[in-house]
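Participant: Take a look and give me a structure for this.
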Amino acid sequence: MKRFYIQITAGRGPIECAAVVGKVYWKLRDTLDKIYDSNPNVKYNVIDFNEHDDSDRYGVYDCYMSITMEISYDKDEVFESLRKEWEGTIKWVATKNSFRPNHKRKNWYVGISFYEIPEPIKINESDIRYETMRSSGAGGQNVNKVESAVRAIYIPTGDYVVAQDSRDQPMNKKLARQRLIDKLSLIDKYKMDVLKADNWTEHTSLTRGGEIKTFKGEL
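Facilitator: Residues are numbered from 1 along each chain as shown. Below you'll find the predicted structure:
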């Protein structure tokens, strides 16, 4: 099986953009679920997410500065067709803004990027710390509420990933270790141009115009 990552990012946008990230995530999941229905070898899981700092103040959920998904697949056309359909800038036309009702702006933008997984780097097992936690957030398939999720932390840099795919803690630990190696490999490959240690691949800006998809709805 082959794997790649998809990240949805609000860049440095306000909470409206973070809300769009959550909504676009569910749109993308719908597409992935349809693909899975015809090809069960195509699977996905959320492996990294960063909630907006003001989510608690507004009392809202599904507001994320970024969400990163791992996709496993068996045919190259799966990667190419998804990339062609989804990679780029997404525009959301707000019919209602529950965060700032009197705000004149209606169009909000987020970005979607695809990353092929590079060759793994070698790290010392003693440099990884594992923590157990309850599954939460924007989980993918098979999420549960018991403390079987595992966070793998690379001690020298503080980079971490979460695995909550399985109800089996040892399996999640194994997955977390591999994902941490993958993440560190990406950081090494792109030399921190695209990746940030505290937010993996968060973009600092988004290109408006030329959007690949447009959605309309409430925020």
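Participant: hey, which helix or strand in the protein has the poorest pLDDT?
Facilitator: Ranking every helix and strand in the chain by mean pLDDT, DSSP states H and E puts helix 55-58 at the bottom, with a mean of 64.
Participant: these two touch, right, I6 and G111?
Facilitator: No. Counting by CB atoms under 8 Å, G111 is not a contact partner of I6; they are 11.0 Å apart. Where you see a C-beta, it was placed from the backbone N, CA and C, and this is true even at glycine.
Participant: When the two are compared, which one has more neighbours?
Facilitator: Neighbours were counted for I6 and for G111 using other CB atoms under 10 Å; G111 has more, 25 against 22.
Participant: Can you tell me which helices and strands the helix or strand hosting that one packs against?
Facilitator: Secondary structure from DSSP states H and E places G111 in strand 107-116. When contacts are defined as 3 or more CB pairs under 8 Å, 6 or more residues apart in numbering; DSSP states H and E, strand 107-116 packs onto strand 2-9, helix 15-38, helix 76-86, strand 88-96.
Participant: Out of the ones you listed, which is the most enclosed?
Facilitator: Among those, strand 2-9 has the highest mean neighbour count (mean count of other CB atoms under 10 Å), at a mean of 20.
Participant: Need the CA coordinates for that one. PDB is fine.
Facilitator: Output of strand 2-9 as PDB, limited to C-alpha atoms (Å, rounded to 0.1, in the frame of the first residue of the first chain):
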ATOM      1  CA  LYS A   2       1.100   3.500  -0.800                       C
ATOM      2  CA  ARG A   3       0.400   6.600   1.400                       C
ATOM      3  CA  PHE A   4       0.200  10.300   1.200                       C
ATOM      4  CA  TYR A   5      -0.900  13.300   3.300                       C
ATOM      5  CA  ILE A   6      -3.600  15.900   2.700                       C
ATOM      6  CA  GLN A   7      -3.500  19.000   4.800                       C
ATOM      7  CA  ILE A   8      -6.300  21.600   5.000                       C
ATOM      8  CA  THR A   9      -5.100  24.900   6.400                       C
END
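Participant: quick one: it to strand 88-96, angle?
Facilitator: Using axes from the mean of the first three to the mean of the last three CA atoms, to 10 degrees, the direction of strand 2-9 lies 40 degrees away from that of strand 88-96.
Participant: Give me the sheet partners of strand 2-9 and which way each runs.
Facilitator: strand 64-73 (antiparallel), strand 107-116 (antiparallel) (DSSP bridges).
Participant: Looking at that strand now, give me its mean pLDDT.
Facilitator: In this model, strand 2-9 has an average pLDDT of 87.
Participant: gap between it and the chain center?
Facilitator: Going by CA atoms, centre = their mean, to the nearest Å, the spacing between the C-alpha centre of strand 2-9 and its chain's C-alpha centre is 7 Å.
Participant: and the residue nearest the centre of the chain, how far is that from S98?
Facilitator: With distances taken as CA atoms, centre = their mean, the chain has T68 as the residue nearest its mean C-alpha position (1.6 Å). Look at T68 and S98: by CB to CB, to the nearest Å, they are 26 Å apart.
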